[in-house]
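Colleague: give me a model of this one.
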Amino acid sequence: MNAEDALLTAAGLLAVTGARLRDALPALRRVVADVESDWLDDAGRAWAERAGLVQRALDREVDAALAAGRLVVAALERLATPVDGAGAVDPAAGPGPVAGRPGEGPPPGEPGGGGTRADGADATASVGGGPAGSRPGGPRLAGTDARRVDDERGMSIARLSDDAGPG
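Modeller: Here you go, the predicted model:
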(Lines give C-alpha, C1' and ligand atoms only; values in the text may rest on other atoms or scores of the structure.)
Protein backbone atom coordinates (compact mmCIF):
# COMPACT_ATOMS: atom_id res chain seq x y z
CA MET A 1 0.00 0.00 0.00
CA ASN A 2 1.49 3.31 -1.02
CA ALA A 3 1.05 6.62 0.78
CA GLU A 4 -1.85 7.73 -1.40
CA ASP A 5 -3.77 4.48 -0.77
CA ALA A 6 -3.13 4.79 2.97
CA LEU A 7 -4.40 8.37 2.96
CA LEU A 8 -7.50 7.38 0.97
CA THR A 9 -8.20 4.60 3.47
CA ALA A 10 -7.72 6.98 6.39
CA ALA A 11 -10.01 9.57 4.81
CA GLY A 12 -12.71 6.94 4.32
CA LEU A 13 -12.43 5.66 7.88
CA LEU A 14 -12.56 9.17 9.31
CA ALA A 15 -15.61 10.04 7.20
CA VAL A 16 -17.43 6.88 8.33
CA THR A 17 -16.48 7.49 11.97
CA GLY A 18 -17.64 11.10 11.84
CA ALA A 19 -20.91 10.15 10.15
CA ARG A 20 -21.67 7.39 12.66
CA LEU A 21 -20.95 9.65 15.61
CA ARG A 22 -23.04 12.42 14.09
CA ASP A 23 -25.92 9.94 13.52
CA ALA A 24 -25.73 8.77 17.15
CA LEU A 25 -26.07 12.26 18.62
CA PRO A 26 -29.81 12.84 17.93
CA ALA A 27 -30.70 9.49 19.50
CA LEU A 28 -28.63 10.35 22.57
CA ARG A 29 -30.31 13.76 22.81
CA ARG A 30 -33.76 12.09 22.69
CA VAL A 31 -32.82 9.62 25.44
CA VAL A 32 -31.46 12.42 27.63
CA ALA A 33 -34.63 14.49 27.10
CA ASP A 34 -36.83 11.46 27.93
CA VAL A 35 -34.89 10.74 31.12
CA GLU A 36 -35.03 14.38 32.20
CA SER A 37 -38.80 14.49 31.74
CA ASP A 38 -39.54 11.06 33.27
CA TRP A 39 -37.01 10.86 36.10
CA LEU A 40 -37.45 14.07 38.09
CA ASP A 41 -35.47 13.23 41.23
CA ASP A 42 -31.77 13.87 41.98
CA ALA A 43 -30.70 10.54 40.51
CA GLY A 44 -32.42 11.39 37.22
CA ARG A 45 -30.80 14.80 37.08
CA ALA A 46 -27.39 13.25 37.82
CA TRP A 47 -27.92 10.65 35.09
CA ALA A 48 -28.98 13.34 32.61
CA GLU A 49 -25.94 15.41 33.53
CA ARG A 50 -23.60 12.45 32.90
CA ALA A 51 -25.36 11.72 29.61
CA GLY A 52 -24.93 15.38 28.68
CA LEU A 53 -21.19 15.02 29.29
CA VAL A 54 -21.13 12.02 26.96
CA GLN A 55 -23.08 14.02 24.39
CA ARG A 56 -20.59 16.89 24.52
CA ALA A 57 -17.69 14.44 24.26
CA LEU A 58 -19.31 12.90 21.17
CA ASP A 59 -19.75 16.38 19.70
CA ARG A 60 -16.02 16.97 20.16
CA GLU A 61 -15.19 13.57 18.63
CA VAL A 62 -17.34 14.34 15.57
CA ASP A 63 -15.53 17.66 15.15
CA ALA A 64 -12.14 15.95 15.56
CA ALA A 65 -12.95 13.17 13.08
CA LEU A 66 -14.19 15.65 10.49
CA ALA A 67 -11.17 17.92 11.00
CA ALA A 68 -8.82 14.94 10.66
CA GLY A 69 -10.63 13.94 7.49
CA ARG A 70 -10.11 17.43 6.09
CA LEU A 71 -6.41 17.20 6.94
CA VAL A 72 -6.12 13.87 5.14
CA VAL A 73 -7.84 15.31 2.06
CA ALA A 74 -5.45 18.28 2.19
CA ALA A 75 -2.51 15.85 2.41
CA LEU A 76 -3.81 13.99 -0.65
CA GLU A 77 -4.10 17.27 -2.53
CA ARG A 78 -0.58 18.16 -1.47
CA LEU A 79 0.72 14.84 -2.80
CA ALA A 80 -0.76 15.70 -6.19
CA THR A 81 0.46 19.33 -6.18
CA PRO A 82 3.85 20.18 -7.71
CA VAL A 83 6.42 21.36 -5.19
CA ASP A 84 8.40 24.45 -6.32
CA GLY A 85 8.04 23.49 -9.97
CA ALA A 86 9.74 20.15 -9.37
CA GLY A 87 6.67 18.13 -10.39
CA ALA A 88 4.21 16.17 -8.32
CA VAL A 89 5.44 14.18 -5.36
CA ASP A 90 5.56 10.49 -6.26
CA PRO A 91 4.18 8.50 -3.30
CA ALA A 92 5.72 5.31 -4.72
CA ALA A 93 9.18 6.85 -4.42
CA GLY A 94 9.26 6.00 -0.73
CA PRO A 95 9.69 8.09 2.35
CA GLY A 96 13.13 9.43 1.43
CA PRO A 97 15.78 10.23 4.01
CA VAL A 98 13.29 10.44 6.87
CA ALA A 99 13.22 6.66 7.22
CA GLY A 100 16.99 6.58 7.62
CA ARG A 101 17.64 4.06 4.86
CA PRO A 102 20.95 4.29 3.04
CA GLY A 103 20.63 5.17 -0.62
CA GLU A 104 17.28 6.91 -0.33
CA GLY A 105 16.71 10.60 -0.61
CA PRO A 106 18.83 13.28 -2.26
CA PRO A 107 22.43 12.51 -3.18
CA PRO A 108 25.28 13.97 -1.11
CA GLY A 109 25.75 17.67 -1.73
CA GLU A 110 22.05 18.22 -2.46
CA PRO A 111 19.83 19.83 0.20
CA GLY A 112 18.85 17.08 2.60
CA GLY A 113 21.49 14.71 1.23
CA GLY A 114 24.58 13.29 2.93
CA GLY A 115 28.02 14.80 2.59
CA THR A 116 29.38 17.49 4.84
CA ARG A 117 27.57 19.81 7.20
CA ALA A 118 27.94 23.58 7.16
CA ASP A 119 30.67 23.29 9.82
CA GLY A 120 32.65 20.90 7.59
CA ALA A 121 31.97 17.77 9.64
CA ASP A 122 30.90 14.52 7.98
CA ALA A 123 27.09 14.51 8.00
CA THR A 124 26.98 10.72 7.74
CA ALA A 125 29.22 10.15 10.76
CA SER A 126 27.91 8.48 13.86
CA VAL A 127 26.18 10.76 16.35
CA GLY A 128 27.43 8.56 19.15
CA GLY A 129 30.96 9.87 18.83
CA GLY A 130 32.37 6.72 17.21
CA PRO A 131 33.86 6.39 13.76
CA ALA A 132 31.69 7.06 10.72
CA GLY A 133 29.43 4.12 9.97
CA SER A 134 29.46 2.75 13.52
CA ARG A 135 26.10 2.24 15.22
CA PRO A 136 25.33 5.16 17.54
CA GLY A 137 24.06 4.47 21.02
CA GLY A 138 20.50 5.02 22.11
CA PRO A 139 17.15 3.47 21.34
CA ARG A 140 16.36 2.72 17.71
CA LEU A 141 13.22 3.97 16.00
CA ALA A 142 11.50 2.17 13.16
CA GLY A 143 10.80 3.76 9.81
CA THR A 144 7.32 4.38 8.49
CA ASP A 145 7.17 1.07 6.65
CA ALA A 146 5.86 -0.95 9.66
CA ARG A 147 8.92 -3.20 9.83
CA ARG A 148 10.80 -4.12 12.95
CA VAL A 149 13.95 -2.20 13.76
CA ASP A 150 17.32 -3.79 13.29
CA ASP A 151 20.83 -2.40 13.61
CA GLU A 152 20.96 -1.27 9.98
CA ARG A 153 17.55 0.45 9.69
CA GLY A 154 15.64 3.18 11.41
CA MET A 155 16.58 6.33 13.21
CA SER A 156 18.49 6.52 16.44
CA ILE A 157 17.47 8.77 19.31
CA ALA A 158 20.47 10.83 20.32
CA ARG A 159 21.61 10.50 23.91
CA LEU A 160 24.52 11.67 25.98
CA SER A 161 27.24 9.13 26.56
CA ASP A 162 27.60 7.78 30.08
CA ASP A 163 31.14 9.18 30.38
CA ALA A 164 30.18 12.73 29.35
CA GLY A 165 31.51 15.29 31.76
CA PRO A 166 29.80 18.48 32.90
CA GLY A 167 29.29 21.32 30.46
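
Colleague: now do the same for whichever strand or helix holds residue 13: mean pLDDT, whole number.
Modeller: Using DSSP states H and E, residue 13 sits within helix 3-38. Averaged across helix 3-38, the pLDDT comes to 83.

Colleague: what residues sit buried inside it?
Modeller: Residues of helix 3-38 classed as buried: 3-4, 7, 10-11, 14-15, 17-18, 21-22, 32, 36 (neighbour count, 16 or more other Cβ atoms under 10 Å). All C-beta spots, glycine's among them, are computed from the backbone N, C-alpha and C.

Colleague: gap between residue 31 and residue 50?
Modeller: Residue 31 sits at a distance of 12 Å from residue 50 (criterion: Cβ to Cβ, to the nearest Å).

Colleague: hang on, the earlier thing: what would the buried residues of helix 3-38 look like in TSV with distance to residue 65?
Modeller: Below are the buried residues of helix 3-38 laid out as TSV (distance: Cβ to Cβ, whole Å):
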residue	distance to residue 65
3	21
4	21
7	15
10	11
11	11
14	5
15	8
17	5
18	4
21	6
22	9
32	22
36	28
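
Colleague: just those now: which is nearest residue 63?
Modeller: Comparing those against residue 63 with Cβ to Cβ picks out residue 18 as the nearest, at 8.5 Å.

Colleague: do I have it right that that closest one meets residue 66?
Modeller: Yes: under the criterion of Cβ atoms under 8 Å, residue 18 makes contact with residue 66 at 4.6 Å.

Colleague: so where's this structure uncertain?
Modeller: For the chain, the stretches flagged by pLDDT under 70 are 82-167.

Colleague: show me how the record splits it into domains.
Modeller: By the record's domain assignment, the chain is partitioned as 3-80, 97-110+136-159 (automatic domain parsing).

Colleague: what comes up buried for the lengthiest helix in the chain?
Modeller: When the chain is parsed with DSSP state H, its longest helix is helix 42-80. Taking 16+ other Cβ under 10 Å as the neighbour-count basis, helix 42-80 is seen to contain the buried residues 48, 51, 55, 61-62, 65-66, 68-69, 72-73, 76, 79.

Colleague: which two from these end up farthest apart in space?
Modeller: When the buried residues of helix 42-80 are compared pair by pair using Cβ to Cβ, the two farthest from each other are 48 and 79, 46.5 Å apart.
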